[in-house]
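Engineer: Let me see the structure of the following:
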Amino acid sequence: MFLLARIKMYLWLAGAALVAVVTVYFRGKADGRNDLEYEIKDKRIDDLLTAKEVENEIEILDDEELATRASRWVRGGDGR
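Structural biologist: Residues are numbered from 1 along each chain as shown. Modelled structure (predicted):
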């Protein structure tokens, strides 16, 4: 009888340890997902700010400067 009580106690302890390990695993997984979402949002904000800076810079340029900068990105009529 004493042996059966001892086995039950060890099974309860093993079950509690397993529940604790699974809880820690899933909590860590959720925290990692949240960190990744924050990184993605930070990158998106940085990209939006960079796009706005470029847009403002282009608005300041006069026609000649704009044509000079655009000539690097637009295909020319001479086959280049």
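Engineer: model confidence over the helix or strand residue 13 falls within, on average?
Structural biologist: Per DSSP states H and E: residue 13 is located in helix 2-60. Computed over helix 2-60, the mean pLDDT rounds to 93.
Engineer: helix or strand right after that helix?
Structural biologist: Counting by DSSP H and E, what follows helix 2-60 is helix 63-70.
Engineer: Return the set of buried residues in that next one.
Structural biologist: Buried residues in helix 63-70, counted by 16 or more other CB atoms under 10 Å: none are found. C-beta: built from backbone N, CA, C; applies to glycine.
Engineer: Now do it: distance to the chain's middle.
Structural biologist: The chain centre lies 36 Å from the centre of helix 63-70; the measure is CA atoms, centre = their mean, to the nearest Å.
Engineer: same question, stretch 57-66
Structural biologist: Using CA atoms, centre = their mean, the offset of stretch 57-66 from its chain centre is 35 Å.
Engineer: Return the alpha-carbon coordinates of that stretch using PDB.
Structural biologist: Extracted in PDB, the C-alpha atoms of stretch 57-66 (Å, rounded to 0.1, in the frame of the first residue of the first chain):
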ATOM      1  CA  GLU A  57      13.100  65.500 -51.500                       C
ATOM      2  CA  ILE A  58      11.600  64.900 -55.000                       C
ATOM      3  CA  GLU A  59       9.100  67.700 -54.500                       C
ATOM      4  CA  ILE A  60      11.900  70.200 -53.800                       C
ATOM      5  CA  LEU A  61      13.800  69.400 -57.000                       C
ATOM      6  CA  ASP A  62      13.300  71.600 -60.100                       C
ATOM      7  CA  ASP A  63      12.500  70.000 -63.400                       C
ATOM      8  CA  GLU A  64      16.100  69.800 -64.700                       C
ATOM      9  CA  GLU A  65      17.300  68.100 -61.500                       C
ATOM     10  CA  LEU A  66      14.400  65.700 -61.500                       C
END
